[in-house]
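**Q** how does the following fold in three dimensions:
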Amino acid sequence: MPDAFEVLAEDHAEVKQMLNELESTPGHSAGATEAVLAARKRLAQRLVMESSRHEAAEEQYFWPTVRDRLGCGNQLADEAIGQEGQAKDVLTKLDKLDAADPEFDKLLGELIPAGRQHIEFEESRVWPGLRQVLTEAQASELGEQLQKAKEQGPTRPHPHTPANPTVQKAAGPVVAAADRLRDAATGRGRSS
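**A** From the prediction side, this is the model:
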């Protein structure tokens, strides 16, 4: 089983790839075809879904570990959760828009640099200290918890749900089940 840093690094690599693809394809204002716009919408939906799972898992297990194990853990977790909260607001709006809507490209313009900055913050400011204080066994256990939480996590951002691990663990399964039912009913997240 991969450790926490491997699980998160894989997620970060996937998100960076999606951000790069979204940034490099033309949007509506650049004259993108209907096919390109449809592909951008599907990719944005995938980004929303994967980010939602990732952030929920971090809120349940990663940030509590950071708070407990690092002397400056509260400050680091608060800063990261603040960044994630802003991203949830943008992702919620983005998820509701058609790729031909001018607001879609505007929101991507906000999200792409903020997403990269957040990943850099985690990897350069949080991970080094946490790597020093976790044993291999603890990092592996945390990785397993993160992986399971992601698999069972919500597929939509829920910006009004507190980033509290107790709330996330209690409400998360119910919210995730509701998200999956909505996705199945609408076809959201299916590739076509």
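**Q** going by C-alpha atoms from here, please, whenever you check contacts or count neighbours.
**A** OK.
**Q** name all residues that make contact with Met18.
**A** Applying C-alpha atoms under 8 Å, 6 or more residues apart in numbering, we find Met18 in contact with 43-44, 47.
**Q** quick one: what helix or strand has it in it?
**A** Assigned by DSSP states H and E, Met18 falls within helix 4-24.
**Q** now the helices: where do they sit in the chain?
**A** In the chain, helices defined by DSSP state H lie at 4-24, 34-57, 63-69, 73-96, 102-121, 127-133, 136-151, 165-186, listed in chain order.
**Q** contact partners of the fourth one?
**A** It stands for helix 73-96. Counting by C-alpha under 8 Å, 6+ apart, residues outside helix 73-96 touching it are 44-45, 48, 52, 55, 59, 63, 66-67, 104, 107-108, 111, 114-115, 118, 121-122, 125-126, 156-159, 163.
**Q** out of those, which end up buried?
**A** Listed as buried from those are 44-45, 48, 52, 55, 59, 63, 66-67, 104, 108, 111, 114-115, 118, 121-122, 126, 156-159, 163; burial here means 16 or more other C-alpha atoms under 10 Å.
**Q** which residue lies nearest the spatial centre of the protein?
**A** Ser51 (2.0 Å; C-alpha atoms, centre = their mean).
**Q** show me what contacts that one?
**A** With C-alpha under 8 Å, 6+ apart, Ser51 has these contacts: 15, 157.
**Q** again with the one 5 residues further on
**A** Shown here is Ala56, whose contacts under the criterion C-alpha under 8 Å, 6+ apart are 149-150, 153-154, 168, 172.
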